[in-house]
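Participant: any chance you can model this:
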Amino acid sequence: MEERVFHCEEDRIAADVVEVAYRVHNELGPGLLESAYSQVLCYLLRQKGYDVETEVSVPIQFDGLRIATGYRADVIVNGLVILELKAVKDIEDLFLRQLLTYVRLAGKRLGLLVNFGAASMNKQIRRVANGLPET
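Facilitator: Residues are numbered from 1 along each chain as shown. All right, here's what the predicted structure looks like:
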């Protein structure tokens with residue numbers, strides 16, 4: 001088996017997230033609530049040795065105002081990669097714009113939008129980079 005080479009820690013995490021997401025979708029199929037996919041995905045990532053936080057409160061600062069919970073990140077892996085999970089028929093551009101905003105506000109470099117709701121996982125995992133190459 002060929003060893004994978006990664007340019008940064010975020011890319012290594014992303015590769016494992018993609019692998020695990022495909023496994024979850026293949027075994028459970030579409031049609032469940034987002035929360036069910038989240039629990040299984042997080043369980044499997046923790047089994048791989050990752051630090052996985054869910055529903056992480058991310059503050060927003062604006063013109064001297066600090067909002068303690070500007071939004072809640074669905075999942076953050078190893079403190080580096082934000083996962084935005086969906087269980088919808090199709091990915092909308094709005095979801096990608098929201099994720100980029102989340103990644104920027106949290107000071108992260110990578111986010112992954114993972115949609116478990118489609119019949120196939122083909123094109124259902126999208127990468128949003130903030131200062132990383134778009135590989």
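Participant: shaky segments in this protein?
Facilitator: Applying pLDDT under 70 to the chain flags the ranges 1-6, 133-135.
Participant: the longest helix in it is where?
Facilitator: If you go by DSSP state H, the chain has its longest helix at helix 9-28.
Participant: who are the packing partners of the following helix or strand past it?
Facilitator: Per DSSP states H and E, the first helix or strand lying C-terminal to helix 9-28 is helix 34-47. Using 3 or more Cβ pairs under 8 Å, 6 or more residues apart in numbering; DSSP states H and E as the contact criterion, the elements in contact with helix 34-47 are helix 9-28, strand 52-62, strand 65-77, strand 81-86. Using the backbone N, CA and C atoms, a C-beta is placed for each residue, glycine as well.
Participant: any idea how far helix 34-47 is from the chain center?
Facilitator: Averaging C-alpha coordinates over helix 34-47 and over its chain gives two centres that are 11 Å apart (Cα atoms, centre = their mean, to the nearest Å).
Participant: what angle do helix 34-47 and the longest helix of the chain make with each other?
Facilitator: Taking axes from the mean of the first three to the mean of the last three Cα atoms, to 10 degrees, helix 9-28 and helix 34-47 form an angle of 120 degrees between their directions.
Participant: if you count neighbours, what's buried in helix 9-28?
Facilitator: Of the residues in helix 9-28, those buried under the neighbour-count criterion (16 or more other Cβ atoms under 10 Å) are 10-14, 16-17, 20-21, 24-25.
Participant: for that helix, packing partners?
Facilitator: Using 3+ Cβ pairs under 8 Å, 6+ apart: helix 9-28 touches helix 34-47, strand 81-86, strand 110-115, strand 125-129.
Participant: the third one pairs with which strands, and in what direction?
Facilitator: Sheet pairing for strand 110-115, assigned by DSSP bridges, gives strand 81-86 (parallel), strand 125-129 (antiparallel).
Participant: for the residue nearest to the spatial centre of the chain, give me its contacts.
Facilitator: Taking Cα atoms, centre = their mean as the criterion, Leu83 is the residue nearest the geometric centre of the chain, at 1.5 Å. Taking Cβ atoms under 8 Å, 6 or more residues apart in numbering as the criterion, Leu83 is in contact with 17, 41, 73-77, 111-112, 114.
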